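S.K.: build the 3D model from these lines:
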Amino acid sequence: MAQNFAHGNYSHTQKNARNSGGRTPRDRARRALSQNFLVDRHAVELVVKAAAPDGLVLEPGSGEGVLTWALAEAGARVIGYEVDPRLAGRLAARTRDDPRIDVVRVDFTTARAPREPFAVVGNIPYSVTSAIVGWCLRAPGLTSATLLTQREYARKRSGDYGRWSLVTVESWPWFRWRLGDRVGRESFRPVPSVDSAILRIERRPTPLAGAGRGYQELVELGFGGVGGSLRASLRRRYEGVDAAVAAAGIARDAVVGHVHPDQWITLWERLCR
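M.R.: Model prediction:
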C-alpha cells in the first residue's frame, strides 16, 4: 500500500487535508513525534532531483515510505531509519522482498555511520533538524545531505537572509551549503504551520582550510561576540587583524553575522597559516 501511495494521485489527499485542516486523532499522534508526511508527488520529485541519488543513501524518518521508494527507483540502495515502531514494521513488511531497501527500527541520530561513502536524504522531523545536521557533519563518509527542513532553517543555514550562522561558517571549508526549492506546507499531512525548503549540504572534494583547530578557533572567537565587531573580537588574540580584514574586503565595523564564509577563509589564510 505504501508503494501504491508513492505512485498514486495525491490530489484527494491534499483536498481532504485542506478541508479538515490536516488534523485527525491519528494526525495529532503523529505531531507528538514531529511527523509530517509528504503527500505531493511534485515535492518528492524535487527532493530526488536535488539529491541525484547514487549508491548508498541513508534516509532519516522513512515514515510511510513515499520518499524511500522514490529514492530506490532512482537508483539508490536505501537504508531507511524509522523510530516509530508501527511505521517501521509496516514499511519493513512491504519492502521485505526488495533488495534495494532495508528498514532499520532505530533513531537515526544514534546510528553508526557506514564506513563506505554514502549520502543522506530525508524529509526530516523539524524537532531534530539540528541533531541530524550535526550527525551529518560529523560523519567521515558523508558525501552529501539533501534535507527537507523548515524553510526558515534552510534560509538561515544557506545565508539567504544575508547573514551567516556559526554552524555554516565553521563547516564552510569542508561543506557547501545551498538553498533549494521551496515546498509549501500543503504538501504535507498533517499540514504544518510553516513552509519547508530543500537544504543541500555537499562535501568539498578538497578542503579550503587545513586540518586542526586553527580555523575553528578563529571562527569561535569571532562569533564569541566580544568587542562589538568582528575586527575588535579578533584583535584580542591575533596580530595583523587590520591588514587581514582589509584583504578579505570586510568593513572595519562589520558584525560577525554579515561576514561571508569565503571571507573567513581569507582571514584564516592571513592570521593562522
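
S.K.: which one is residue 229 nearest to, not counting chain neighbours?
M.R.: Nearest residue to residue 229, sequence neighbours excluded (C-beta to C-beta, 6 or more residues apart in numbering): residue 253, at 5.0 Å. Just so you know, the C-beta spots here come from the backbone N, C-alpha and C atoms, and that holds for glycine as well.

S.K.: is that neighbour in contact with residue 245, as I believe?
M.R.: No. Assessed by C-beta atoms under 8 Å, residue 253 is found out of contact with residue 245, at 10.2 Å.

S.K.: and the helix or strand hosting residue 79, what does it pack against?
M.R.: With elements taken from DSSP states H and E, the one containing residue 79 is strand 76-81. If contacts are counted by 3 or more C-beta pairs under 8 Å, 6 or more residues apart in numbering; DSSP states H and E, strand 76-81 sits against strand 55-60, helix 66-73, strand 101-104.

S.K.: and the second one, how far from the chain's centre?
M.R.: By that I understand helix 66-73. The gap between the average C-alpha position of helix 66-73 and the chain average comes to 18 Å, counting by C-alpha atoms, centre = their mean, to the nearest Å.

S.K.: tell me the mean pLDDT over the following helix or strand past the strand holding residue 79?
M.R.: Next helix or strand after strand 76-81 toward the C-terminus (DSSP H and E): helix 85-94. Mean pLDDT, helix 85-94: 97.

S.K.: ok, stretch 215-233 next?
M.R.: Across stretch 215-233, pLDDT averages out at 92.

S.K.: which neighbours do residue 253 and residue 245 share?
M.R.: Residues within reach of residue 253 and of residue 245 at once, by C-beta atoms under 8 Å, 6 or more residues apart in numbering, are residue 231.

S.K.: okay, the two: which has more neighbours?
M.R.: Remark: of residue 253 and residue 245, residue 245 carries more neighbours, 24 against 10, as counted by other C-beta atoms under 10 Å.
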